[in-house]
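S.K.: Have a look at this prediction, sequence included:
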Amino acid sequence: MNFALTKEQETLKKGLAILLEERGHVYGEGGISITPVFTEENKLKIEKKGLDVTISCKEKAHFFRGLGYLFQHLEDADFVKEETVYTDCLGAMPDCSRNGVPTPDMLKRMIRTMALLGMNELFLYTEDTYELPEYPYFGAFRGRFTKEELKECDAYGEIFGIYLVPCIQTLAHLSTFLRWPESNGLQDNRDNLLPEEEKTYELIEAMLKNFSECVRTKKVHLGMDEAHGLGLGEYLRKHGFTNRLSIMKRHLAKVEELCAKYGLEPMMWSDMFFNLASKDGSYYGVPEEYEWPEEEKPGDNLTMVYWDYYNHDPKTYERMLNLHKKLSNKVYFAGGGWTWNGLIPNYGKAFDSTRIAMRVMKQQKVRNAFMTFWMDDGTETPFAAGLLPLILFAEEGFAEEPEDAAIDEKLHLFQEASLEEWMLLTKMDCLPGCDPLNIAAVTPSKHLFYQDPLLGLFDRQYEGYDLYGHYGKLAKELRAVEERVTVSKALFACYRSLAEFLAVKGGIGMDIRRAYLEDDRDWLTSIAEEQIPVCLEELEQYHDFREKIWFHECKPNGYETIDIRQGGLHARLVSAQKRILAYLDGEITEIPELLEERLPYKPSAPEGLQKPFNMNNWCNIVTAGNMGTGTI
């Protein structure tokens, strides 16, 4: 179908043409005529009468959201939709620092999706995954963004009214750079930069200068969260014990000076101000009546980012927001899409926490917000799994309380699976009898996937659950979706394959030990000659699906971690098979690993059924021995 603007506006025409082409339409006369009307009101209105469409909006990004509604209602002769715009800045933040660095093409796909949702800021969370010419080891071998790639993505975002906002780290979370000998003299500890050191501020200035040359926005997110060892490493050796808040303030003041030099508008995660003010050192430990002394407050030019994606009580959000407002008159809110729950997205927790948090933000007139998509422990969840929470967050920006039906309708704007079908993915971590929303963010699928078949670190934890039945049923449900959809087929195929693998492997360690202790040699033979080969075949299929998605979304660097982890799992299954067969053939007289009493990894009851729990750390899942520090 042809679409054309009644007023030639080059600022809209290019983006319109791109989105039309993506959906099989063309820009040209003889079809639908779109009249854009820009106003100062925080309103969005789309009115369709036959082939004539009027989109009234405040900014370019909202125009493209209106276009999304037009795509949704092309078959309707007449259609009217009016929305209130509850935010000035509505963004998303993909984590580009947990091994998976998105390709420019993937970021462009995300920008197009955000455009049709009416979002206007894309935060790139980059610890050391961008190029600093003066520091060749900064992001080396990690698939870092080049300056040309950042400029290209920023220019692409401009087409749709979306700003690329650098979200960097200027204090902590820099262990992957600080590992290199080149960083000697920059470390307070293995994770933190050394404050009040000239070399530190030379590095930070290079960071700020780099991004100021690559993006249009003047905003910069400085990070500075979770600097738990601040002043307790090399700084302590050099200066003695110093009030840690004063270290933070001096460091921040120096970084703010550098921001001013480049005309930048800084923001930072707020938690260190709270951790250092609370008696127990926690983010949530500051009492509601606390009044920040003036000397403890940040500068007037600094925006505080209140991040919170763990709570489900509106009073907690109200209390924390009030404390933030006492700390600063500039506040952003950052929610979470829960793509960091191991192998599986946690949509139940994302939905519940987001809805409660955003209701409070709207009530208290917080007009700047973005959703984080962290990828803790190696980006094992595909970025594609973030589509559903991204839609939820966008709808929160344009509705007082978005209904499931509206979210389902938006999902169908991008692909064919329903909201109910997307929620099937969360079942991977919701074992029978457990909370279907997974508010506790338990991670049994990752435990069962990686745990050693002979050592059984999690055998006692998940003993008594019908793992074969649960994952077998889920695999069938996911296959039914996979066979019906096209756009989201790869994602559902990947998770269907994972469910099929867990349906075979989930309880295999328990079966091996039970058969061994009962001296059931026929059962052991069946496991070694039938069940383990099926496991290996299913693992290979899952690996292939995950690999294809990775290279569709991310640069090659970082995928070696997936290969190493799944390759190690494959090797341990083969090793278990060999040892069982060696025992059956009389080559060895016992399998000592199977004699050790199984203990709950995290006991929740003196006996009987244990509860699943949260632990998303591969190193601590695969062995009770030493395996390095992990990637979080």
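M.R.: In hand now; what should we look at?

S.K.: Got phi/psi on E196?
M.R.: phi 60, psi 30 (degrees, to the nearest 10).

S.K.: so who does it touch?
M.R.: 235, 239, 247, 250-251, 254 (C-beta atoms under 8 Å, 6 or more residues apart in numbering). From N, CA and C alone the C-beta is placed, and that goes for glycine too.

S.K.: what separates stretch 451-471 from the chain centre, distance-wise?
M.R.: In this view, stretch 451-471 has its centroid 27 Å away from the chain centroid, taken as C-alpha atoms, centre = their mean, to the nearest Å.

S.K.: That one: end-to-end distance?
M.R.: 16 Å (C-alpha to C-alpha, to the nearest Å).

S.K.: In that stretch, which residues are buried?
M.R.: Residues of stretch 451-471 classed as buried: 451-463, 465, 467-468, 470-471 (neighbour count, 16 or more other C-beta atoms under 10 Å).

S.K.: cool, stretch 284-295 as well?
M.R.: Buried, per 16+ other C-beta under 10 Å, within stretch 284-295: 284, 286.

S.K.: mind giving me the domain split of the protein?
M.R.: 2-83, 89-404, 443-620 (the TED database).

S.K.: from the chain's centre, how far out does the last one sit?
M.R.: Relative to the centre of its chain, domain 443-620 is centred 24 Å away, using C-alpha atoms, centre = their mean.

S.K.: pLDDT averaged over it, what's the number?
M.R.: Domain 443-620 carries an average pLDDT of 98.

S.K.: ok, for S183, nearest residue in space, not its chain neighbours?
M.R.: Leaving out its chain neighbours, the residue that sits closest to S183 by C-beta to C-beta, 6 or more residues apart in numbering is F177, at 5.9 Å.

S.K.: The closest residue to P444 other than its chain neighbours: how many residues sit nearby?
M.R.: Nearest non-adjacent residue to P444, counting by C-beta to C-beta, 6+ apart: P612, 4.4 Å away. A count of nearby residues for P612, using other C-beta atoms under 10 Å, gives 25.

S.K.: In contact with P612, which residues?
M.R.: Applying C-beta under 8 Å, 6+ apart, the residues near P612 are 429, 431, 434, 440, 442-444, 447, 461-462.

S.K.: which SS state does it fall under?
M.R.: Three-state call for P612 (DSSP: H, G, I helix; E, B strand; the rest coil): coil.

S.K.: quick revisit: which two among the contacts of P612 are spaced furthest apart?
M.R.: Greatest spatial distance among the contacts of P612 (C-beta to C-beta): A440 and Y462, at 15.1 Å.

S.K.: and L419, how far is that from W340?
M.R.: The gap separating L419 from W340 is 21 Å, by C-beta to C-beta, to the nearest Å.

S.K.: Look at these two and report which has more neighbours.
M.R.: W340 (23 against 20).

S.K.: my guess is that one contacts W374, does it?
M.R.: Yes - W340 lies in contact with W374 (C-beta atoms under 8 Å); the separation is 4.0 Å.

S.K.: Quick check: neighbours shared by the two?
M.R.: In terms of C-beta under 8 Å, 6+ apart, W340 and W374 are both contacted by the residues D95.

S.K.: quick revisit: would you mind finding the most buried of the domains of the chain?
M.R.: Looking across these with neighbours counted as mean count of other C-beta atoms under 10 Å, the highest average goes to domain 89-404: a mean of 20.

S.K.: what's the span of it, first residue to last?
M.R.: Note: domain 89-404 ends 23 Å apart using C-alpha to C-alpha.

S.K.: For the lengthiest helix in the chain, name the packing helices and strands.
M.R.: Ranked by number of residues, the top helix in the chain under DSSP state H is helix 559-584. When contacts are defined as 3 or more C-beta pairs under 8 Å, 6 or more residues apart in numbering; DSSP states H and E, helix 559-584 packs onto helix 444-450, helix 508-517, helix 521-526, helix 532-553, helix 618-622.

S.K.: let's see it at 6 Å
M.R.: helix 532-553 (3 or more C-beta pairs under 6 Å, 6 or more residues apart in numbering; DSSP states H and E).

S.K.: and the helix it packs on, what other elements does it pack with?
M.R.: By 3+ C-beta pairs under 6 Å, 6+ apart, helix 532-553 packs against helix 489-505, helix 559-584.

S.K.: what's the closest residue in space to Y306 that isn't next to it in sequence in contact with, if anything?
M.R.: Spatial nearest neighbour of Y306, chain neighbours left out: H324 (4.7 Å); criterion: C-beta to C-beta, 6+ apart. With contacts defined as C-beta atoms under 6 Å, 6 or more residues apart in numbering, H324 is in contact with 304, 306, 331.

S.K.: If we only consider these, which is nearest to S33?
M.R.: Nearest to S33 among the contacts of H324, with distances taken as C-beta to C-beta, is V331, at 41.8 Å.

S.K.: quick one: the closest one from P298, how far?
M.R.: 11 Å.

S.K.: can you tell me which residues contact A582?
M.R.: By C-beta under 6 Å, 6+ apart, A582 lies in contact with I588.

S.K.: Please report the distance of it from S526.
M.R.: Plainly put, A582 is 17 Å away from S526 if you go by C-beta to C-beta.

S.K.: Now do the end-to-end distance for stretch 379-392.
M.R.: 21 Å.

S.K.: Kindly report the same for stretch 553-565.
M.R.: End-to-end distance of stretch 553-565: 19 Å, with C-alpha to C-alpha as the criterion.

S.K.: Check stretch 259-269 too.
M.R.: End residues of stretch 259-269 are separated by 16 Å (C-alpha to C-alpha).

S.K.: Stretch 92-104 too?
M.R.: End-to-end span of stretch 92-104 (C-alpha to C-alpha): 16 Å.
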